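**Student:** A predicted structure for the sequence below; I have some questions about it.
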There are 2 protein chains.
Amino acid sequence: MTQNNVQAVKEIFIEQILNPKRICVFGANNNLLGTMGSMQLHNIITGGGFSEIYPIHPRLERVQGFKAYKSILDVPITPDLAFLILPTKAVPEVMEECGQKGIKNLIITSGGFREVGSNGIELSNRIDAIAKKYDMRFIGPNCLGVFNGWYGYPAKEDAYFNTFWIYLPHKRGNISIVSQSGTIAAQTAWHTNDMGVKVGKSISVGNERNIDMVDLMGYFKDDPQTEVIGLYIEEIKRGKEFINLAKEITPKKPIVAIYAGGTKAAARSIMSHTGSIGGDDKLYRAVFKETGVISTNSISDFLYYIRTLSQAQSFNTFPMGKRVGIITDSGGPGAMMTKTAELYGLEVPEFSKPLQEELANDLPKTASATNPIDVTFHDNFLNMLIKFPKILMESGEVDSIIVFGIYDFDEIMEVIESSGSKVDEQMKKMKDLIDIGVIKPIKKLMKKYSIPVFYAGPIPYRSPWMQKFSSSDIPIFSLWDQPTKCLSMLTRYSEYRQNIS
Amino acid sequence: MTQNNVQAVKEIFIEQILNPKRICVFGANNNLLGTMGSMQLHNIITGGGFSEIYPIHPRLERVQGFKAYKSILDVPITPDLAFLILPTKAVPEVMEECGQKGIKNLIITSGGFREVGSNGIELSNRIDAIAKKYDMRFIGPNCLGVFNGWYGYPAKEDAYFNTFWIYLPHKRGNISIVSQSGTIAAQTAWHTNDMGVKVGKSISVGNERNIDMVDLMGYFKDDPQTEVIGLYIEEIKRGKEFINLAKEITPKKPIVAIYAGGTKAAARSIMSHTGSIGGDDKLYRAVFKETGVISTNSISDFLYYIRTLSQAQSFNTFPMGKRVGIITDSGGPGAMMTKTAELYGLEVPEFSKPLQEELANDLPKTASATNPIDVTFHDNFLNMLIKFPKILMESGEVDSIIVFGIYDFDEIMEVIESSGSKVDEQMKKMKDLIDIGVIKPIKKLMKKYSIPVFYAGPIPYRSPWMQKFSSSDIPIFSLWDQPTKCLSMLTRYSEYRQNIS
């Protein structure tokens, strides 16, 4: 698999940076609290993939359990990646030595380059010259590095390569992120883990002095482990190439982008961050529209959108039209989702009489079968979670489905048992029933009909019942704002994809 | 205090319904799993306030530990509240008996009234007539009942009155909710608890046959425990009274409303939910604008807005203008918040040279002091969390402040220790330092300058470090979408409040 990837992707240097076998690290010591670099080395080690790490340190004999070397020139082999977390002014000399050693790929996290003004620009030019001299490629400077959840796969099932200072790895999946902000690349991991946003690769590109977003887009275009691309943009450096490449990618692999520039103060903020000159918001919006890139100013929407598209890629559930069927056990969320669906350009059509009658067979008298289907208080939750979605799919009257009413039954059982009431064994097994009775069949149905089903409930993502859905890649939402928003996005993208291909 | 409340508020019947001393319950048994009503009684008992509960049951001797009676007429005293969770058709007869017994206040949760059509309307008229005959007031039908976090306060510090079927009570605070959906009144508790949205009272009004939203708004207007009002609306039944009352309330107690109607399918959804006829969205928006009511279609925004206003009421931090100071350790979130602040109508002004110089004294060279202040990687987190906000407040150059960079240091220490590194005692006490060094002084500063400070970080709300802020009512945000959104809302409301008073 890894071998195939190497062949499949043209940008070999990126493949090598994401999958180094032997790595040398500059700027880490044994004090994890004192320097970011030490924590970053710790995270590289924790990733579990490496047997060969060569810390370079002027004084220490050992760094975090590995033999340290005074200079890269003392290292007995030639590492295939150098990772630099050094003070700015030390960078050129170390790069020189790496070049002499024959190292071709680097990650330079150090800040203090063009984003600080003229001195920084001079320094940037110097590192460019060194890279050119030795035919080296590098990510950065002024970045956090890379995360590769597919590192060593499939030989090393649980390994990953994480140079970020955040110890929490993303859960591996078909999403790849390229970000001009380290925070968006790395520090979103608590939320991606909670929500089930499965990020396989995430690159913090920093100032993009050598390898830029367009390079990485080119890599991800051909990368078989990537099916969705997320971008955080402060400036697109090669506009023409970006447009041409994005147009090629989006019909097959959706791209979601945040553009952080476009206002006066934002431009000031961006200048001090990565030294970029942000452009007019309208211009960027036009570029996104032309290239089929989905864009947002919200980090939550960004995470929800890439998750939605990731799951749609997995099940091939791109809705063929705008008609949503809503199933709920709760009138308020039902009404709110109906309203927002319409505001977002979807339709919530009244079901045909025969369909209403079919549904009514399994509904209490106080319930409604028009659309939304309001099952009210239900004692047969399998009707709501699987039978009704199946009936709607078979009816041909909807293109997508939302089901609201996921609760944590284990928690309910606990409350009941703690009150002294008895809970029979059947009820305790409800959680297993979900696997067999809901998750397995809905996966099949989604694939069969190409109709996405979004589940939602009022409980938080940390709940085991939510995790049960998200770990199976079934779309699951906490609260009821995002299902219609994401469905609207997905429906518009599907339309684009159908029209273009 | 409770005695004062009774005198302070005009709507005595609502005060009694929220604070009953002796309650009779129809429709609960010992099978918590089988009926909603049994769970609801369980939750009433768990609330801990009651010594006198009288379950009425045709067969059982005891219900959930309390002596049961065959009929309300057999109960030796006259309860001050009857709670009905019965099949629809049983309601009129039970109401009759309650009337004969002299019970004046009821909560009727049973559905199947006007929301199901003509039969239901007939039944509705019957219960109206019975209520009139015996001079009874009731909440419902077709509702979940009430939550009163202030029940028994201050004598019973931890008691609450919860008739919902959700066992998780809201955390008590100055927010009161009136909702035409039980889900929005009750099932938001997981999120209100996580986020620190402190809901003291929450009423599910159902079909509003007797007591309606306007009654409750009148009650909350004078209720000293209420400083913010949240409304979920499918229909305003008494438009004129609503408008007059809202105009009276909003200059002192902000109102946030969701209106779920206004589209074609939403109208159908609402009809089947509470039997209401939702009106045109434009009309409702005009009413909200005229009355100073803050409105949204999003449940997340609703929760964030009521929390923001609740905290602003606590600290009296209503910004005097649109100028935001942003402090961040992370360029990406800084740029995104700067952009969205401007898009939402706020200003992120460049600081004066003297202020920039003052800030630069405590900043690394790679950092920026223009606004946003980007501290980059920082080893003195007290600068970012308290010193810089204080400098900005004193400068007179901002009306509100956002600080991004809250992490869970305990988690970081754990990672470091688990790696074998030593963490000194000083660092371990960082959490206590937050109390003394950040939370206490920022509370004082916010009050002194009337400038709100919003903290944010990439970690989830369940993190103890987030809970530390939210339990002290300090505005704290997970991710970086909501700070600017909420600040924009708060700034607009402050302007309204200043102009009107």
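**Tutor:** That came through fine. In this text the structure is predicted, and so the values were computed from the model without any measurement.

**Student:** Look up the closest residue to A:Phe147, ignoring the ones flanking it.
**Tutor:** Spatial nearest neighbour of A:Phe147, excluding adjacent residues (CB to CB, 6 or more residues apart in numbering or on different chains): A:Ser202 at 4.4 Å. In short, each C-beta sits where N, CA and C put it, glycine included.

**Student:** any idea which helix or strand carries that neighbour?
**Tutor:** strand A:199-204 (DSSP states H and E).

**Student:** tell me the angle of the next helix or strand after that strand relative to strand A:199-204?
**Tutor:** Later in the chain than strand A:199-204, the nearest helix or strand by DSSP H and E is helix A:213-222. If you take axes from the mean of the first three to the mean of the last three CA atoms, to 10 degrees, helix A:213-222 sits at 160 degrees to strand A:199-204.

**Student:** Tell me where the stretch 301-450 of chain A is predicted with low confidence.
**Tutor:** Counting by pLDDT under 70, the stretch 301-450 of chain A contains low-confidence ranges at A:377-379.

**Student:** switch the cut-off to 80
**Tutor:** Within the stretch 301-450 of chain A, the ranges that satisfy pLDDT under 80 run A:365-366, A:376-380, A:421-432.

**Student:** Can you name the residues of it that neighbour chain B?
**Tutor:** By CB under 8 Å from any CB of the partner chain, the residues of the stretch 301-450 of chain A that approach chain B are A:301, A:326, A:330-336, A:338-343, A:347-350, A:365-366, A:368, A:370-372, A:374, A:376-377, A:379, A:412, A:415-416, A:419, A:421, A:423, A:427.

**Student:** what are the phi and psi values for the nearest residue to A:Ser471 once chain neighbours are set aside?
**Tutor:** Spatial nearest neighbour of A:Ser471, chain neighbours left out: A:Gly196 (6.7 Å); criterion: CB to CB, 6+ apart. When read as degrees, to the nearest 10, the backbone of A:Gly196 gives phi 80, psi 30.

**Student:** Return the residues in contact with A:Gly196.
**Tutor:** A:171, A:307, A:461, A:467, A:469-471, A:473, A:476 (CB atoms under 8 Å, 6 or more residues apart in numbering or on different chains).

**Student:** Can you flag the buried ones in those residues?
**Tutor:** Neighbour-count burial within the contacts of A:Gly196 applies to A:171, A:307, A:461, A:469-470, A:473, A:476; the criterion is 16 or more other CB atoms under 10 Å in any protein chain shown.

**Student:** between these, which is nearest chain B?
**Tutor:** A:Tyr461 (8.3 Å; CB to the nearest CB).

**Student:** SS state for that closest one?
**Tutor:** Here A:Tyr461 takes the coil state, with states given by DSSP: H, G, I helix; E, B strand; the rest coil.

**Student:** wait, it sits on A:Leu479?
**Tutor:** No. Counting by CB atoms under 8 Å, A:Tyr461 sits too far from A:Leu479 to count as a contact (10.2 Å).

**Student:** hang on, the earlier thing: for the residue nearest to A:Phe147, what are its contacts?
**Tutor:** A:146-147, A:170, A:176-177, A:179, A:185-186.

**Student:** make it 6 Å
**Tutor:** A:Ser202 sits next to A:147, A:177, A:185 when contact means CB atoms under 6 Å, 6 or more residues apart in numbering or on different chains.

**Student:** Could you give the bridge partners of it?
**Tutor:** A:Phe147, A:Ile177 (DSSP bridges).

**Student:** Near chain B, which residues of the stretch 151-300 of chain A are found?
**Tutor:** Where the stretch 151-300 of chain A comes near chain B, counting by CB under 6 Å from any CB of the partner chain, the residues are A:167, A:181, A:183-184, A:187, A:190, A:260, A:263, A:265-266, A:268-270, A:272-273, A:297-300.

**Student:** try 8 Å this time
**Tutor:** A:167, A:179-184, A:187-188, A:190-191, A:194, A:232, A:234, A:258, A:260-266, A:268-270, A:272-274, A:297-300.

**Student:** Just the buried ones from those residues, in PyMOL syntax?
**Tutor:** Applying 16+ other CB under 10 Å to those, the buried members can be selected in PyMOL as follows:
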select buried, chain A and resi 167+179+180+181+182+183+184+187+188+190+191+194+232+234+258+260+261+262+263+265+266+268+269+270+272+273+274+297+298+299+300
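
**Student:** Work out the gap between the one helix or strand A:Thr340 maps to and the centre of the chain.
**Tutor:** Using DSSP H and E, A:Thr340 maps to helix A:331-343. Centroid separation for helix A:331-343 versus its chain: 27 Å, with CA atoms, centre = their mean, to the nearest Å.

**Student:** What is that helix packed up against?
**Tutor:** Under the contact definition 3 or more CB pairs under 8 Å, 6 or more residues apart in numbering or on different chains; DSSP states H and E, helix A:331-343 sits against strand A:324-328, strand A:400-404, helix A:482-500, helix B:182-186, helix B:264-274.

**Student:** Quick one: work out the angle between the first helix or strand past it going along the chain and strand A:324-328.
**Tutor:** Heading C-terminal from helix A:331-343, the first helix or strand you meet, by DSSP H and E, is helix A:353-360. Compare the direction of helix A:353-360 with that of strand A:324-328 by the same axes, to 10 degrees and you get 20 degrees.

**Student:** Skip the chain neighbours and tell me the closest residue to the residue in the stretch 51-200 of chain A positioned nearest to chain B.
**Tutor:** Closest to chain B within the stretch 51-200 of chain A is A:Ser181: 2.5 Å, counting by CB to the nearest CB. Among residues not flanking A:Ser181 along the chain, B:Gly332 sits closest, at 2.5 Å (CB to CB, 6+ apart).

**Student:** A:Ile184 now?
**Tutor:** A:Ile184's closest residue in space is A:Tyr232 (CB to CB, 6+ apart), at 4.3 Å.

**Student:** which residues does the spatially most central residue of chain A contact?
**Tutor:** Taking CA atoms, centre = their mean, the centroid of chain A lies closest to A:Val199, which sits 3.9 Å from it. By CB under 8 Å, 6+ apart, the contact set of A:Val199 is A:147, A:149, A:170-173, A:175-177, A:189, A:192, A:230, A:306.

**Student:** closest to B:Asp432 among those?
**Tutor:** The nearest member of the contacts of A:Val199 to B:Asp432, counting by CB to CB, is A:Ala189 at 27.2 Å.

**Student:** Could you pull up phi and psi at the closest one?
**Tutor:** Here is the backbone geometry of A:Ala189 (degrees, to the nearest 10): phi -60, psi -30.
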